[in-house]
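Peer 1: Fold the stuff below for me.
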Amino acid sequence: MNFGVLVFPGSNCDIDCYKAVEETVGQKVEYVWHTETDLSRFDCILVPGGFSYGDYLRCGAIARFAPVMGALVKFAEQGKFVLGICNGFQILTESGLLPGALLRNRTLKFRCHSAMLRVENAGTPFTNQYREGEEIDIPIAHGEGNYYCDAETLEKLKANNQIVFRYAGSNPNGSVDDIAGICNERGNVLGMMPHPERAVNQLLGSEDGKRMFTSILNKWREQHGAAAIR
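Peer 2: Purely as a prediction, here's the structure:
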C-alpha cells in the first residue's frame, strides 16, 4: 500500500504523519509537495496539520487553491482514502470534500492537550479496528477547531452516519453536537481535529491512534483480496 503525505508551506505535522505510517503499518510513504498534480501512485493521502500558508486569510482557505488539491478531489472521487487532520480537516471543508466549516474555538484560546473521543461509526475505512461507542485518548492542538454546520446539514450527517467521532465529556472548542470528526457520504474521506498521528506509541501518552492507520491498511487489504489484520 502506498501512502502520501501532502506538504504545504507552513505544514508542521507532515513528519509526524510520515513517522506514524512507518511505525504503525510499515508501508511505503512519501511526502507530496503542494505543486504535485498526479496522485495516481497512491492509495491513501494524509492531509496533515499545521498552518498552511500561515493561515493568513483563513485556515485552509489558501491551501484549497494549491495545484495538488485538484488532484486530491479526483483521487477522492475514485474512492481512494483521504484523511485530513486538524489543518487538513480545515482544508477538506474549504475544498468542499467535506461539509461544514471550522471556526475559532469558543474560548478564543488555543487548546493543546489530551482529549477523549467516542467512536460513533466503526464501519469506516479509518475506524474498522475500533468498537462503536469505544472511548479513545487522542490529543488536540488547535485554535480553530469549532466545527459548524447548519441544522439541515447536521441532520444529514446524522442520517447518513457521517459523524465518526464526538468529544466524550468535555467539548474543548464548542463544536456543534460535540463533533470531532466526520466523513463524506461514501466514507472514504475523513476529517478530524484531534491528532491520531500523535497517539501511536505509549511514550506519547496514548497509542489509541495506532488503530486508525491499521484500519486503513486493513480496508485496503480487504479490497485487494489480501489477509485482513487481526
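Peer 1: which stretches of this protein aren't confidently modelled?
Peer 2: 227-230 (pLDDT under 70).
Peer 1: Show me which residues of the biggest helix by length in it are buried.
Peer 2: The single longest helix within the chain, with elements called by DSSP state H, is helix 210-223. Across helix 210-223, burial judged by 16 or more other CB atoms under 10 Å covers 210-213, 215-220. From N, CA and C alone the C-beta is placed, and that goes for glycine too.
Peer 1: Give me the contact list for that helix.
Peer 2: 1, 20-21, 23-25, 27, 43-44, 81, 83, 124-130, 196, 199-201, 227-229 (CB atoms under 8 Å, 6 or more residues apart in numbering).
Peer 1: so where do the helices sit in this protein?
Peer 2: Going by DSSP H, the chain shows helices at 14-24, 67-77, 87-94, 151-159, 210-223.
Peer 1: Nearest to Leu57, out of the ones you listed?
Peer 2: helix 87-94 (10.0 Å; CB to CB).
Peer 1: Show me what the closest one packs onto, helices and strands only.
Peer 2: Here helix 87-94 touches strand 44-47, strand 81-85, strand 101-103, strand 189-192, going by 3 or more CB pairs under 8 Å, 6 or more residues apart in numbering; DSSP states H and E.
Peer 1: can you put the ones you listed in a markdown table and add mean neighbour count and distance to Gly70?
Peer 2: Shown next, in a markdown table, are the helices and strands packed on helix 87-94 (neighbours: other CB atoms under 10 Å; distance: least, CB to CB, whole Å):
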| stretch | mean neighbour count | distance to Gly70 |
| --- | --- | --- |
| strand 44-47 | 28 | 13 |
| strand 81-85 | 28 | 14 |
| strand 101-103 | 20 | 21 |
| strand 189-192 | 28 | 15 |
